[in-house]
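Asker: take this sequence and fold it.
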Amino acid sequence: MSQLHAVIMSETKKTTGKYRWSICALLFFATTINYLDRQVLSLTWSDFIAPEFHWTNNDYGNITALFSIFYAVSLLFAGRFVDWLDTKKGFLWAIGIWSFGACLHAFCGIATAGYITGNWFIGFEVAKDAIHLIKDTGLVINVSVTLFIFARFVLAIGEAGNFPAAIKTTAEYFPKKDRAFSTSIFNAGATVGALAAPISIPFIAKSFGWEMSFIIIGALGFIWMGFWVFMYDKPEKHSKVSAAELEYIQQDVIADSKLVGYVPETDAKVSFADCFKYKQTWAFAFGKFMTDGVWWFFLFWTPAYLSSVYGMDSTQSALPLFVLYLITLLSIIGGWLPTYFVEKKGMNPYEGRMRAMLIFAFFPILALFAQPLGYISYWLPVIIIGISLAAHQSWSANIFTTVGDMFPKKAIATITGIGGLAGGVGSTIINKGSGLLFDYSKETNMSFMGFKGIEAGYFIIFSICAVCYLTGWCVMKALVPKYRPITDL
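Answerer: So this is what the prediction gives:
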């Protein structure tokens with residue numbers, strides 16, 4: 001992190017004022033909370049929730065797959081919602097809804113017992129005892145899964161607003177050449193959230209009950225809202241943004257205004273139909289479709305992988321997961337690399353980003369060796385998954401900023417939402433498919449490439465994840481081979 005600080009400080013010395021980094025810090029903490037909230041279920045279901053409600057891998061797969069669908073569809077509308085309300089109000093609504101949804105999970109046990117027994121006014125422990133006495137386990141499974149799906153639905157609606165709002169804020173507060181770096185910083189919040197989750201959530205659940213882990217983590221979002229209300233405003237209106245810093249932030253607008261035929265950007269609303277006319281939209285959407293599912297698979301299933309293959313419970317897997325996500329912090333390099341290509345190699349921002357994304361697309365290929373090397377030590381697949389996740393976050397920081405490179409600010413959240421929908425569809429496919437494959441491979445003791453049972457299932461999914469990034473990059477490059485900003489939207 002000292003190198004990160006040095007880079008930020010050297011950059012701010014070139015200008016007067018650095019308030020934009022305070023806004024970037026707010027985005028970082030919002031993303032951290034975002035990922036903490038969605039990780040609570042993946043770190044509690046195997047040891048605490050599944051035994052209580054009799055869930056299988058397929059039940060959990062259904063919940064994660066439906067969350068991906070809800071999140072994907074919500075992203076499509078969240079982008080429009082943020083563009084409509086604008087950044088400040090849009091972000092407040094988003095984090096308020098997802099924090100409420102996160103806390104809602106805690107009451108699914110009470111609601112399950114209440115629905116079946118008719119006694120709704122009970123505490124967490126009484127609900128556990130009531131569920132334990134219910135003989136119809138099929139009814140317990142159906143009711144509990146349905147209730148958790150509803151809680152995930154509320155969570156997804158809110159969480160969908162985070163990235164469209166954050167990307168829009170980045171476009172407001174940073175010039176194009178700095179957006180990948182600033183995005184990589186706030187996007188590192190996803191890694192920090194995932195990093196903090198395994199060393200906090202299982203221990204909260206073990207000490208105070210799984211319900212309190214949802215409530216305590218969910219409450220963090222309400223605290224963040226207070227900081228956002230007092231710290232955010234448009235840079236051109238903000239009293240803490242100096243004239244020199246504002247000039248630096250708006251350098252692209254100033255440069256473009258000097259070009260022949262320049263047309264100032266308007267506030268006119270952009271329709272979905274207009275967005276889909278451009279190959280740039282399809283390129284971004286396909287890149288998200290191919291790669292978002294990889295991130296979600298590793299995020300949702302790595303704790304289960306360590307449990308199924310290596311017999312670890314949630315507290316035993318805390319250190320491996322901590323190390324895994326610590327490795328993921330290397331993704332900050334992903335924001336610096338395109339800046340290097342722009343400033344040192346003379347590339348335009350889009351070319352620099354695509355060159356960086358090609359480099360990062362090769363690292364997930366290591367996932368092919370995760371399961372084979374796992375026979376030596378579980379630390380090898382942990383390290384490989386960590387490297388793959390670092391590559392994903394580096395890729396993600398750059399693919400997000402291609403939207404700001406090519407589209408006007410008024411369309412950024414909408415285009416980001418469209419890409420998020422595509423990514424959510426990909427995530428749904430891989431999560432649902434993984435749950436079905438893992439149960440099937442375990443029940444049939446399936447053999448594949450020398451692996452048997454659930455290990456064979458994980459090897460198949462790891463192999464698919466390994467080639468997704470190169471596939472996505474090739475299609476994106478074919479659709480938009482050169483930098484082509486949208487000027488007629």
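Asker: and the residue nearest to the spatial centre of the chain, what helix or strand is that in?
Answerer: Central residue of the chain (CA atoms, centre = their mean): residue 190, 6.2 Å from the mean position. For residue 190, the host element (DSSP states H and E) is helix 176-196.
Asker: off-centre distance for that helix?
Answerer: In terms of CA atoms, centre = their mean, to the nearest Å, the gap separating the centre of helix 176-196 from the centre of its chain is 11 Å.
Asker: and that helix, what does it pack onto?
Answerer: Helix 176-196 is packed against helix 2-12, helix 19-44, helix 162-173, helix 318-328, helix 333-345, helix 349-362, helix 379-406, with contacts defined by 3 or more CB pairs under 8 Å, 6 or more residues apart in numbering; DSSP states H and E. C-betas here are computed from N, CA, C, even on glycine.
Asker: between those, which has the poorest average model confidence?
Answerer: Mean pLDDT is lowest for helix 2-12 out of these, coming in at a mean of 46.
Asker: I'd say residue 115 and residue 142 touch.
Answerer: No - assessed by CB atoms under 8 Å, residue 115 is found out of contact with residue 142, at 10.1 Å.
Asker: against residue 181, how distant is residue 196?
Answerer: Between residue 196 and residue 181 the computed distance is 23 Å (CB to CB, to the nearest Å).
Asker: between these two, point out the one with more neighbours.
Answerer: Between residue 196 and residue 181, residue 181 has the larger neighbour count (other CB atoms under 10 Å), namely 25 against 18.
Asker: now do the more buried one against residue 397, distance only.
Answerer: In this view, residue 181 and residue 397 are 8 Å apart by CB to CB.
Asker: between the two, which contacts overlap?
Answerer: The contact sets of residue 181 and residue 397 overlap at residue 335 (CB atoms under 8 Å, 6 or more residues apart in numbering).
Asker: low-confidence ranges, this protein, go.
Answerer: Within the chain, the segments meeting pLDDT under 70 span 1-16, 253-269, 489.
Asker: from the chain's centre, how far out is the longest helix seen in it? Work that out for me.
Answerer: Determined from DSSP state H, the single longest helix within the chain is helix 409-444. Centroid separation for helix 409-444 versus its chain: 11 Å, with CA atoms, centre = their mean.
Asker: count of residues packed around residue 328?
Answerer: 27.
Asker: picking that back up, now do the helix holding residue 190 against helix 162-173, angle only.
Answerer: Using axes from the mean of the first three to the mean of the last three CA atoms, to 10 degrees, the direction of helix 176-196 lies 150 degrees away from that of helix 162-173.
Asker: quick one: helix 176-196 to helix 333-345, angle?
Answerer: 160 degrees.
Asker: got the buried residues for the following helix or strand past helix 176-196?
Answerer: Per DSSP H and E, helix 176-196 leads on to helix 201-208 as the next helix or strand towards the C-terminus. For helix 201-208, a neighbour-count test (16 or more other CB atoms under 10 Å) marks 201-202, 204-206 as buried.
Asker: got the CA coordinates for the next helix or strand after helix 201-208 in CSV?
Answerer: Toward the C-terminus, helix 201-208 is succeeded by helix 210-231 as the next helix or strand (DSSP H and E). Output of helix 210-231 as CSV, limited to C-alpha atoms (Å, rounded to 0.1, in the frame of the first residue of the first chain):
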residue,chain,number,x,y,z
TRP,A,210,-25.3,-16.7,12.2
GLU,A,211,-28.2,-14.2,12.5
MET,A,212,-26.0,-11.6,14.2
SER,A,213,-23.4,-11.8,11.5
PHE,A,214,-25.9,-10.6,9.0
ILE,A,215,-27.1,-7.8,11.3
ILE,A,216,-23.7,-6.5,12.3
ILE,A,217,-22.3,-6.5,8.8
GLY,A,218,-25.5,-5.1,7.3
ALA,A,219,-25.5,-2.1,9.7
LEU,A,220,-22.2,-0.8,8.3
GLY,A,221,-24.0,0.5,5.2
PHE,A,222,-26.2,2.8,7.3
ILE,A,223,-23.0,4.4,8.8
TRP,A,224,-21.6,5.0,5.4
MET,A,225,-24.7,6.9,4.3
GLY,A,226,-24.0,9.6,6.8
PHE,A,227,-20.5,10.2,5.4
TRP,A,228,-21.8,10.3,1.9
VAL,A,229,-24.5,12.9,2.7
PHE,A,230,-21.9,15.4,4.1
MET,A,231,-18.9,14.7,1.8
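Asker: distance between helix 210-231 and the chain's centre?
Answerer: Mean C-alpha position of helix 210-231 versus that of the full chain (CA atoms, centre = their mean) differs by 18 Å.
Asker: which other helices and strands contact it?
Answerer: Judged by 3+ CB pairs under 8 Å, 6+ apart, the packing partners of helix 210-231 are helix 19-44, helix 87-104, helix 201-208.
Asker: ok, which of the ones you listed comes nearest residue 161?
Answerer: Smallest distance to residue 161 across the helices and strands packed on helix 210-231 (CB to CB): 2.6 Å, for helix 87-104.
Asker: buried stuff in the helix or strand sitting right after the closest one along the chain?
Answerer: Counting by DSSP H and E, the next helix or strand C-terminal to helix 87-104 is helix 108-117. Residues 108-114, 116 are the ones in helix 108-117 that count as buried (16+ other CB under 10 Å).
Asker: cool, and stretch 80-100?
Answerer: 80-83, 85, 87-88, 90-100.
Asker: repeat for stretch 132-147
Answerer: 140-141, 143-145, 147.
Asker: can you list the residues you listed in TSV and add distance to residue 379 and secondary structure?
Answerer: Formatted as TSV, these follow (distance: CB to CB, whole Å; DSSP: H, G, I helix; E, B strand; the rest coil):
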residue	distance to residue 379	secondary structure
140	38	helix
141	35	helix
143	40	helix
144	35	helix
145	34	helix
147	37	helix
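Asker: I'd like those residues laid out as JSON lines, including distance to residue 128.
Answerer: JSON lines is the format used below for the buried residues of stretch 132-147 (distance: CB to CB, whole Å):
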{"residue": "140", "distance to residue 128": "12"}
{"residue": "141", "distance to residue 128": "15"}
{"residue": "143", "distance to residue 128": "15"}
{"residue": "144", "distance to residue 128": "12"}
{"residue": "145", "distance to residue 128": "17"}
{"residue": "147", "distance to residue 128": "15"}
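Asker: measure the closest residue to the residue nearest to the centre of the chain other than its chain neighbours to residue 375 for me?
Answerer: Closest residue to residue 190 apart from its sequence neighbours, by CB to CB, 6 or more residues apart in numbering: residue 35 at 4.7 Å. Using CB to CB, we find residue 35 at a distance of 31 Å from residue 375.
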